[in-house]
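Q: What follows is a predicted protein model with its sequence.
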Amino acid sequence: MKMSGNQWSGWGVSEIGPLHIKENISNQDSYIVKQYSWGIVGVVCDGLGSKKYSHIGSQALVNAVVQTAKIFDFKKDINLFEPLLKSLWNINISPYSQNDTSTTLLFTIVKHKKVYIGRVGDGVIGILGKNSLLVEEDKDMFTNYTVPFGREEKISWAIFDEDDVKYVVMCSDGISEDIHNDKILDFFQNYITNYRNILSTKRNYEIKNWLRNWPVKGHSDDKTIVALVKAENG
């Protein structure tokens, strides 16, 4: 679907992990893709499994990113984005606390001819275009702990000219941790090639099916993937 003045489209798919099905726990991943006349917003949030209301926190943060993207003045210091986002997230998670709703954050905002990429915590963002690269967490080699949004770690930003980006793919660690780093960009490119031009119902069915039957033995985590795609003549 294309909109006047907007050369971007996108889609997202999420599948609950086998462990959460077994334990009757909600999918703790949340995502959104929202198109506007001025651009597009895509978000993936992965609620921390150890937190009781992380599924609420992840959905609340997804919504807060969209709210912030709509009203934030990107001509100002980009570091002012985070306190506004945090304030809206706090409103959205009420009456729960940040600690009980901890979540990671991956997002892309296309606005004013710029592509704004932000992340806190694990999961991976792939930017494909003039210079393809991954944006990911730099974890301490001695620990698997990930710092959630709202704590001491600030949003890590990467900003590109819109003309230099063709696609952006974001996925939670339920996917990214099972793919070798040197293979992820190829995986993302093939993903776009396979699914960008098919009907959304067929696409959603096929992606959900292979996420449900993920080929890594013993996989247990929720899996979410979002793609933003610029029109081929865009």
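A: Nice, thanks for sending it over. Numbering: from 1, shown residues only.
Q: okay, CA-based contacts and neighbour counts for the rest of this
A: OK.
Q: end to end, how far does stretch 104-121 reach?
A: 5 Å (Cα to Cα, to the nearest Å).
Q: Pull out the buried positions in the one helix or strand Pro83 maps to.
A: Taking DSSP states H and E as the criterion, Pro83 maps to helix 81-93. For helix 81-93, the neighbour count (16 or more other Cα atoms under 10 Å) marks Phe81, Glu82, Leu84, Leu85, Lys86, Leu88, Trp89, Asn90, Asn92, Ile93 as buried.
Q: Excluding chain neighbours, what is closest to Val33?
A: Leaving aside its sequence neighbours, Val33 sits nearest to Gly42 (Cα to Cα, 6 or more residues apart in numbering; 4.5 Å).
Q: again but with Val226, I slipped
A: Spatial nearest neighbour of Val226, chain neighbours left out: Gly12 (4.1 Å); criterion: Cα to Cα, 6+ apart.
Q: that older thread, any chance of the buried residues of helix 81-93 in JSON lines, with pLDDT and distance to Leu48 too?
A: Below are the buried residues of helix 81-93 laid out as JSON lines (pLDDT from 0 to 100; distance: Cα to Cα, whole Å):
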{"residue": "Phe81", "pLDDT": "97", "distance to Leu48": "23"}
{"residue": "Glu82", "pLDDT": "97", "distance to Leu48": "20"}
{"residue": "Leu84", "pLDDT": "97", "distance to Leu48": "22"}
{"residue": "Leu85", "pLDDT": "97", "distance to Leu48": "19"}
{"residue": "Lys86", "pLDDT": "97", "distance to Leu48": "17"}
{"residue": "Leu88", "pLDDT": "98", "distance to Leu48": "20"}
{"residue": "Trp89", "pLDDT": "97", "distance to Leu48": "16"}
{"residue": "Asn90", "pLDDT": "96", "distance to Leu48": "17"}
{"residue": "Asn92", "pLDDT": "98", "distance to Leu48": "17"}
{"residue": "Ile93", "pLDDT": "97", "distance to Leu48": "15"}
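Q: Show me which pair in these is furthest apart.
A: Across the buried residues of helix 81-93, the longest distance by Cα to Cα is 18.4 Å; it joins Phe81 and Ile93.
Q: hang on, the earlier thing: surely the residue nearest to Val226 and Ser30 touch.
A: No. Contact between Gly12 and Ser30 fails when scored by Cα atoms under 8 Å: they sit 9.8 Å apart.
Q: thinking again about what came up before, relative to Ile225, how far out is the residue nearest to Val33?
A: Distance of Gly42 to Ile225, computed by Cα to Cα: 10 Å.
Q: tell me, what's touching the two both at once?
A: Here Gly42 and Ile225 have no joint contacts, going by Cα atoms under 8 Å, 6 or more residues apart in numbering.
Q: okay, now Ser97: neighbour count?
A: 12 (other Cα atoms under 10 Å).
Q: State the pLDDT value of it.
A: With respect to pLDDT, Ser97 scores 94.
Q: which ones are touching it?
A: Taking Cα under 8 Å, 6+ apart as the test, what Ser97 contacts is Asn90.
Q: tell me the secondary structure for it?
A: Classification of Ser97 using DSSP: H, G, I helix; E, B strand; the rest coil returns coil.
Q: So which residue is dead centre in the protein?
A: Val44 (2.6 Å; Cα atoms, centre = their mean).
Q: does it count as helix, strand or coil?
A: Three-state call for Val44 (three-state DSSP): strand.
Q: Right, I'll leave it there.
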